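predicted coordinates and the sequence they were generated for:
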Amino acid sequence: MSTPQSAPLAQSPPPAPVVVGIDLGTTNSCVAVMINGQVVVIPDEAGRRLQASAVAFLEDGTVVIGEEAKRELTRDPRNTVFSAKRFLGWPYDSDEAKRLRAQLPYRVVRGEDQNAMIEVRGERYALPEISALVLHRMRDIAERYLGREVTRAVITVPANFNDSQRQMTKLAGELAGLEVVRILNEPTAAALAYGYGKGLDASLAIYDLGGGTFDVTVLRASGNIFEVLSTSGDTYLGGDDLDNRLTRVLLLYLQKQHPFNLDAQPEVRGFVKHIAENMKKALSTYERVQLTERVKLAEYPEPVELSVALSRDLFRAQCADIVERTFKICDEAFSRLPFAPRDLSDVILVGGSTRVPLVRELVERYFGRPPRADIDPDEVVAVGAAIQGAMLSAPFSVEHTLSSPLLLDVTPASLGVVTIQGICEVLIPKNTPVPCECRKVFATTSDQQREVTIQVLQGESRAAAENVKLGELTLAGLRAAPRGAVQIEVTFEIDTDGLVSIRARDLHTGVEQASSVKVSAGYSEREVRAMRGQLSSHVRAADVSVVGGDA
Ligand code: AMP
């Protein structure tokens, strides 16, 4: 009788690495994860579910990130970096970067290749480094909560982010020690949060009004297929504009009560703006808000008293036109669609400024139905990212294959190449569903030409110079031949993350260009190595000073 061989013990497979969802916002960030089919928005040590996307560099060399950094904003604005996401992907000399430089109190300098860099306490930081510090903090919050290492994430970006902004976001994730398994559009994440698993057959609008930007996106949800139909936005429209209006009102009150010279003490405006934002938020809860605050003015030996009452009616009179501007952008999004705002099944609110009652009222008037805000508008994007993360964390299970949502996003900007006259020839138009690809054949234009250079752009202008340059593709080592005889087929591809890549093939020899070019975040290997080195010391500093600390 043979001795039965003991069967090897069935080993349960190691748990799949968790994939968290991170909403890396301009003003605030949020991290969520799916646990046992439920999405959990992860709180920090103090129970806060939102973190300011701010990084403060203290005098003693420590780095504080998140809510602690926000406190430094009024105390030490020159060494506290916030709203850095607004600079992402904009060359130092671009109009956008110039405009931002004039508004923000910290120092922005020119780096290599036109990249904007932030200079704080004598050190320079690339923008992805700042985002990486915020992401590191979010990762740390998740690790503490879950009690395990977190190395994979879905990170969300605005739908209108171009390739270089997406590449930089991905780089930021990598610098924070995260494998970015998907770059997901914010509105698509919000739609997932509402619609996933509900078997919807509906058209939805995502109305996203944040601190400084407004976006509207119309999607079609059919079962688990989410298709973006149209998207429009304004990168200079948001809660900040409401704050500026109320600041003006408060400054007038202050001037009346205690005449002073504002031009000689610009810091007073910053202080009053802070009060204005708090009053605005209070007006989201109360009909009327009364405030008495002491303000230091150079003209008076003692701080003076600013005493003011604001009502929702006054807020409406001051701010309705700002909110109305969002509907001009909605009109633009609907102009490309065969149906009207009132034909939608649901309108979903995203962003802190959608808490303003006037916004909700006017949204209801425009869309003809009350908007949905049952998932917190500050958390809904992270919740959607966590759902997507959970789907991507179990890629081989049958269940997954059946339930995985199909996200059909569109490209936010046209992709083109520069032709000889400085004109941008569009190859993939804006709003094309991704992933997509397009082929174009380039021929030599002179005899014995050994090189062809192709400049790749993103943007809507016919003038090449007015678009964002993604990169340059040089096809070198061409066969010596009469002009036109060498033909190179170039394939431009946009993947599900919205990232652009390029391949080239010699049509005559069939040889793929060895250096098939990937358009990069605009940084060289050396620069990325330098960022890693610089960050590792700061992350250590942050680990000690912030992440372990508490409010
Ligand atoms: P976000 O960019 O989505 O984080 O939104 C930030 C903006 O939301 C800022 O302008 C805040 O002042 C604004 N916000 C946050 N909470 C409220 C509130 N309760 N009422 C009005 N605005 C708010």
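Nice, I can see it.

which of the helices or strands spans residue 34?
Secondary-structure element containing residue 34, defined by DSSP states H and E: strand 28-35.

equivalent analysis for residue 56, please.
Under the assignment here (DSSP H and E), residue 56 is part of strand 55-57.

just the buried positions in that strand, please.
Of the residues in strand 55-57, those buried under the neighbour-count criterion (16 or more other Cβ atoms under 10 Å) are 55, 56, 57. Backbone N, C-alpha and C define where each C-beta goes, glycine included.

in its sheet, what does it sit against?
Partner strands and pairing direction for strand 55-57 (DSSP bridges) are strand 63-65 (antiparallel), strand 80-81 (antiparallel).

run through who's touching the last one.
Going back to what we said before, that points to strand 80-81. Outside of strand 80-81, the residues within contact range by Cβ atoms under 8 Å, 6 or more residues apart in numbering are 54, 55, 56, 57, 69, 72, 73, 106, 118, 120, 125, 130.

pLDDT of it, averaged?
The average pLDDT within strand 80-81 is 94.

give the contact list for the closest residue to residue 427 other than its chain neighbours.
For residue 427, the nearest residue in space outside its immediate sequence neighbours is residue 438; the separation is 4.7 Å by Cβ to Cβ, 6 or more residues apart in numbering. Contacts here follow Cβ under 8 Å, 6+ apart; on that basis residue 438 touches 415, 427, 428, 491, 492.

sec struct for the second one, please.
To tie it back to what came earlier, the one meant is residue 427. Per DSSP: H, G, I helix; E, B strand; the rest coil, the secondary structure class of residue 427 is strand.

now do it against the ligand, distance only.
33 Å (Cβ to the nearest ligand atom, to the nearest Å).

surely that residue meets residue 417?
Yes - in this structure, residue 427 is within contact of residue 417 by Cβ atoms under 8 Å, at 6.4 Å.

residues of the longest helix anywhere in the chain that come out buried?
Longest helix of the chain, by residue count under DSSP state H: helix 312-335. Buried positions in helix 312-335, judged by neighbour count with 16+ other Cβ under 10 Å: 312, 315, 319, 322, 323, 326, 327, 329, 330, 333, 334.

please identify the pairing partners of the helix or strand just after the strand holding residue 34 and their relative orientation?
The C-terminal neighbour of strand 28-35 among helices and strands, as given by DSSP H and E, is strand 38-41. Within its sheet, strand 38-41 is paired with strand 28-35 (antiparallel), according to DSSP bridges.

what about the strand it pairs with and the ligand, any contact?
Yes - using Cβ under 6 Å from any ligand atom as the criterion, contacts between strand 28-35 and the ligand involve residue 28.

what residues sit buried inside that strand?
By neighbour count, with 16+ other Cβ under 10 Å as the criterion, the buried positions of strand 28-35 are 28, 29, 30, 31, 32, 33, 34.

what's the burial count for residue 474?
The burial metric for residue 474, expressed as a neighbour count using other Cβ atoms under 10 Å, is 13.

may I see the buried residues of the helix or strand hosting it?
Assessed by DSSP H and E, residue 474 sits inside strand 468-475. When burial is assessed from 16+ other Cβ under 10 Å, strand 468-475 yields the following buried residues: 468, 469, 470, 471, 473, 475.

mind putting those residues into CSV with pLDDT?
Below are the buried residues of strand 468-475 laid out as CSV (pLDDT from 0 to 100):
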residue, pLDDT
468, 81
469, 79
470, 79
471, 77
473, 78
475, 78
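
which one of those residues is nearest to residue 340?
For residue 340, the nearest member of these is residue 468. The distance, counting by Cβ to Cβ, is 32.8 Å.

quick check: closest non-adjacent residue to the closest one.
Leaving aside its sequence neighbours, residue 468 sits nearest to residue 458 (Cβ to Cβ, 6+ apart; 4.9 Å).

wait, residue 494 sits on residue 458?
No - at 9.9 Å, residue 494 and residue 458 do not qualify as touching, with contact defined as Cβ under 8 Å.

mutual contacts of those two, please.
When contacts are counted by Cβ under 8 Å, 6+ apart, residue 494 and residue 458 are jointly contacted by 163, 415, 500.

residue 308 and residue 453, how far apart?
Noted for residue 308: a distance of 61 Å to residue 453, by Cβ to Cβ, to the nearest Å.

of those two, which one has the most company?
When residue 308 and residue 453 are compared for neighbours, residue 308 comes out ahead with 19 against 11, by other Cβ under 10 Å.

list phi and psi for the residue nearest to the more buried one when sequence neighbours are not counted.
Ranked by Cβ to Cβ, 6+ apart and with sequence neighbours excluded, the top spatial neighbour of residue 308 is residue 253, at 4.9 Å. The phi and psi values for residue 253, taken as degrees, to the nearest 10, are phi -60, psi -50.

and the pLDDT at residue 253?
93.

again with residue 400
pLDDT, residue 400: 43.

name the nearest residue to residue 288, sequence neighbours excluded.
Nearest non-adjacent residue to residue 288 (Cβ to Cβ, 6+ apart): residue 311, at 4.6 Å.

so where is the chain shaky, pLDDT-wise?
Low-confidence regions of the chain, defined here as pLDDT under 70, cover residues 1-15, 394-406, 513-522, 539-551.

export the strand holding residue 34 to PDB, keeping only CA atoms.
The C-alpha atoms that make up strand 28-35 are tabulated as PDB, following Å, rounded to 0.1, in the frame of the first residue of the first chain:
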ATOM      1  CA  ASN A  28      -7.600  70.500  -1.500                       C
ATOM      2  CA  SER A  29      -6.700  66.800  -2.000                       C
ATOM      3  CA  CYS A  30      -8.600  63.700  -0.900                       C
ATOM      4  CA  VAL A  31      -7.700  60.000  -0.700                       C
ATOM      5  CA  ALA A  32     -10.200  57.100  -0.800                       C
ATOM      6  CA  VAL A  33     -10.100  53.300  -1.000                       C
ATOM      7  CA  MET A  34     -12.600  50.500  -1.600                       C
ATOM      8  CA  ILE A  35     -12.700  48.000   1.200                       C
END
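
which residues touch residue 351?
Neighbours of residue 351 in contact, by Cβ under 8 Å, 6+ apart: 208, 209, 210, 211, 238, 377, 378.

how deep is the first one tucked in, by neighbour count?
Which is residue 208. 27.

what does the fifth one give?
Residue neighbour count, defined by other Cβ under 10 Å, stands at 23 for residue 238.

test my guess that it contacts residue 215.
No - taking contact to mean Cβ under 8 Å, the distance of 10.0 Å between residue 238 and residue 215 leaves them out of contact.

so where do the helices sit in the stretch 351-500 of the chain?
Using DSSP state H, counting those that start in this stretch, the helices of the stretch 351-500 of the chain run over residues 357-367, 380-393, 398-403.

so what does the first one touch, helix or strand wise?
In this case it means helix 357-367. For helix 357-367, the contact count by 3 or more Cβ pairs under 8 Å, 6 or more residues apart in numbering; DSSP states H and E identifies strand 201-209, helix 312-335, strand 346-350 as packing neighbours.

could those go into TSV alongside distance to residue 193?
Converted to TSV, the helices and strands packed on helix 357-367 look like this (distance: least, Cβ to Cβ, whole Å):
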stretch	distance to residue 193
strand 201-209	10
helix 312-335	20
strand 346-350	8
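
can you put the ones you listed in TSV and add distance to the ligand?
Supplementary listing: the helices and strands packed on helix 357-367 in TSV, determined by distance: least, Cβ to the nearest ligand atom, whole Å:
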stretch	distance to the ligand
strand 201-209	8
helix 312-335	10
strand 346-350	7
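
quick revisit: got TSV for the strands paired with strand 55-57, with mean neighbour count and distance to the ligand too?
Listed next are those as TSV, based on neighbours: other Cβ atoms under 10 Å; distance: least, Cβ to the nearest ligand atom, whole Å:
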stretch	mean neighbour count	distance to the ligand
strand 63-65	26	16
strand 80-81	26	16
